[in-house]
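Enquirer: Using only what follows, build the 3D model:
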Amino acid sequence: MSETTRHLRRDDVKYREAIIKQALHEFHKRGIRGVTMSQISEELHISKRTLYEIYASKEDLIVECLQTKHLENCRNMEAIIEQSNNVMEALLQIFQQRLNETNHINSQFLEELQEYHAAKKYFAQIHAKQRVEAVEYLRSGVAEGVFEPTVDFEIFYDMLHMMVENIFTLGLLSTHTVTQTFTATLITYIRGCATNKGRQIIDNWLRK
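Expert: Sure, this is the predicted structure:
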């Protein structure tokens, strides 16, 4: 076993965390198709049988990787919101964090996720769960003076979600950089819903 798993029992949470960490590293680096369960077990110096005893399939492992990453993202978003002066600043910082992270991920990983039914189902569940809270938070941007009061924030949130999905399903990341893609889609749309104050914050962010 590797140093990360040598002294851990299979039922130990840290054992699963070690597997998830290694699997995410490999998926992000090579894409999903480019990584086999055998390769993951070899990197961790555990048997493939042991790996399959914990995760019945590669798709099960992928879903748990997504769950782990989602919890990490939620913690990061909460920290950003707490430290931001307004909704627009928080939204842009969240996108900036995603851009920085995605720049180090093989675009094939993001595109190949669309081929896994369980992964798509998980993303749909997350979207439904987060939608109410996200819409309520975005609405507070009107009182802060960064969003126009005429914006329908339920449609606004759904459109942002749809654009992110289309970026991956259309394979835009294979022909354009992450920054180019997000700036031409998400940021342009957000800017169209912003007040003069909101657009100024966006312009300052883009200049950085």
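Enquirer: When you work out contacts or count neighbours from here on, use the C-alpha atoms and nothing else.
Expert: Fine.
Enquirer: Please spell out which residues along stretch 61-68 are buried.
Expert: Neighbour counts over stretch 61-68 (16 or more other CA atoms under 10 Å) mark L61, I62, V63, E64, C65, L66, Q67 as buried.
Enquirer: Figure out the helix or strand that the last one lives in.
Expert: Counting by DSSP states H and E, the secondary-structure element that holds Q67 is helix 58-83.
Enquirer: How far away from the center of its chain is the lowest-mean-pLDDT helix or strand in the chain?
Expert: Among the helices and strands of the chain, helix 178-182 carries the lowest confidence by mean pLDDT, DSSP states H and E, at a mean of 81. Computed by CA atoms, centre = their mean, to the nearest Å, the chain-centroid distance of helix 178-182 equals 15 Å.
Enquirer: just stretch 100-109 next, same as before
Expert: Offset of stretch 100-109 from its chain centre (CA atoms, centre = their mean): 10 Å.
Enquirer: and for it, what are the contacting residues?
Expert: With contacts defined as CA atoms under 8 Å, 6 or more residues apart in numbering, stretch 100-109 is touched by F27, H28, K29, R30, G31, I32, L173, S174, V178.
Enquirer: want to throw the buried residues of stretch 61-68 into TSV with distance to K120 and pLDDT?
Expert: Listed next are the buried residues of stretch 61-68 as TSV, based on distance: CA to CA, whole Å; pLDDT from 0 to 100:
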residue	distance to K120	pLDDT
L61	14	96
I62	11	95
V63	9	95
E64	13	95
C65	13	95
L66	11	94
Q67	12	94
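Enquirer: got a markdown table for those, with distance to I80 too?
Expert: A markdown table is the format used below for the buried residues of stretch 61-68 (distance: CA to CA, whole Å):
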| residue | distance to I80 |
| --- | --- |
| L61 | 29 |
| I62 | 27 |
| V63 | 25 |
| E64 | 24 |
| C65 | 23 |
| L66 | 21 |
| Q67 | 20 |
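Enquirer: Residues touching stretch 70-85, excluding its own?
Expert: V87, A90, Q93, I94.
Enquirer: Give me the mean pLDDT for that stretch.
Expert: Mean per-residue pLDDT for stretch 70-85: 94.
Enquirer: List the buried residues in it.
Expert: Buried residues in stretch 70-85, counting neighbours by 16+ other CA under 10 Å, are found at M77, I80, I81.
Enquirer: now do stretch 49-60
Expert: Buried-residue list, stretch 49-60, by 16+ other CA under 10 Å: L51, Y52, Y55, E59.
Enquirer: go on, stretch 135-150?
Expert: Applying 16+ other CA under 10 Å to stretch 135-150 flags V135, L138, R139, G141, V142, G145, V146, F147, E148 as buried.
Enquirer: and these, which of them are in helices?
Expert: The members of the buried residues of stretch 135-150 that map onto helices under DSSP state H are V135, L138, R139, G141, V142.
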